[in-house]
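> Provide a 3D model corresponding to the input given below.
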Amino acid sequence: MILGQNISYKDKYDKNLLYPISRDLGRKEINITYPLPFFGFDIWNCYEFSWLNIKGKPEVRILELIISLDSENIVESKSLKYYLNSFNNTMFQNENIVKQIIENDLNDLLKSPILVMIKKLDSYNNMSLTSFAGHNLDLIDIDGNSDNSQLNPDILQLSHDKVYVEEKLYSNLLKSNCLVTGQPDFASIQISYRGRKIAHDSLLKYLISFRNHNEFHEQCVERVFNDITNICKPDELTVYARYTRRGGIDINPIRSNCALNVTELNNLRHIRQ
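Got it, this is the predicted structure:
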């Protein structure tokens, strides 16, 4: 697998389609050092997943992957798509075998244990689409001119009234571009924090300044966390982004300076997902 190049579609299981990317590459760029200043996970939802049962009948599932932020690597998303498609015409004895194969392959690639959940479609029957809670920054009337055309953390400011708050803020206007393909990545993002009040208009302008920036989902969220921490210095901070899907996969990174329990992560599907 070579990043950014087309490869032949394979519909027989092939773990060699997976391609790792070191997390350190992105973290060095934004000056994140170890020990990491945050906790968190990346939640991957894969909607195009199928294989053949022992009788040759197709099985269709939704695959949920939860990857710890301390994994050595991430998986390049296009390579994951090709890898999952390689199950399409491969026969497996049962679902547990499929799950074990994926766990083993991704554990080896990421250099970290991964939580794999294979879910039947009817398990989502009572699930409603949702959106982030909190104050919608998008309602603020700001000037969207060239000042916001380039990523700029210096846009961030504290509110002049110097009040201490605990609040949740969100925006649906986050957009960046894939570092490999240049394709647009759209997301909703929630910033939950406790500390000196952040000027809401400055936060919205900052998020919009990602619009022409090339970076992976995970790195964008870590950059937001890092910039807010460095400039606004909140006592508590959680940044959670829900990206729209490409290639049948959506990626949802969450970073926090408060410990997160993997069993309590909110993986509710958002309106644009």
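
> and the strands in the protein?
In the chain, the segments counted as strands under DSSP state E are 20-22, 39-52, 58-68, 73-75, 114-119, 135-136, 164-177, 184-196, 236-243, 249-256.

> nearest to residue 269, out of these?
Nearest to residue 269, of all these, is strand 39-52, at 7.5 Å by C-beta to C-beta. (Glycine included, C-beta is placed from N, CA and C.)

> what angle separates the closest one from strand 114-119?
Here strand 39-52 runs at an angle of 50 degrees relative to strand 114-119 (axes from the mean of the first three to the mean of the last three C-alpha atoms, to 10 degrees).

> with mean pLDDT added, can I get the strands of the chain in JSON lines?
Shown next, in JSON lines, are the strands of the chain (pLDDT from 0 to 100):
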{"stretch": "strand 20-22", "mean pLDDT": "96"}
{"stretch": "strand 39-52", "mean pLDDT": "98"}
{"stretch": "strand 58-68", "mean pLDDT": "98"}
{"stretch": "strand 73-75", "mean pLDDT": "96"}
{"stretch": "strand 114-119", "mean pLDDT": "97"}
{"stretch": "strand 135-136", "mean pLDDT": "98"}
{"stretch": "strand 164-177", "mean pLDDT": "97"}
{"stretch": "strand 184-196", "mean pLDDT": "97"}
{"stretch": "strand 236-243", "mean pLDDT": "98"}
{"stretch": "strand 249-256", "mean pLDDT": "98"}
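
> closest to residue 10 out of these?
Judging these by C-beta to C-beta, what sits closest to residue 10 is strand 39-52, at 13.5 Å.

> circling back to that earlier point, want to throw the strands of the chain into TSV with distance to residue 98 and mean neighbour count?
Output for the strands of the chain, formatted as TSV (distance: least, C-beta to C-beta, whole Å; neighbours: other C-beta atoms under 10 Å):
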stretch	distance to residue 98	mean neighbour count
strand 20-22	21	17
strand 39-52	6	20
strand 58-68	8	17
strand 73-75	17	22
strand 114-119	7	17
strand 135-136	40	14
strand 164-177	33	17
strand 184-196	29	20
strand 236-243	25	23
strand 249-256	17	24
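
> so which of the ones you listed is nearest residue 215?
Going by C-beta to C-beta, the one of those nearest residue 215 is strand 164-177, 5.5 Å.

> elements contacting the closest one?
The contact analysis (3 or more C-beta pairs under 8 Å, 6 or more residues apart in numbering; DSSP states H and E) places strand 164-177 against strand 135-136, strand 184-196, helix 200-208.

> select, out of the strands of the chain, the one closest to residue 14.
Where the strands of the chain are weighed against each other on C-beta to C-beta, the nearest is strand 39-52, at 13.1 Å.
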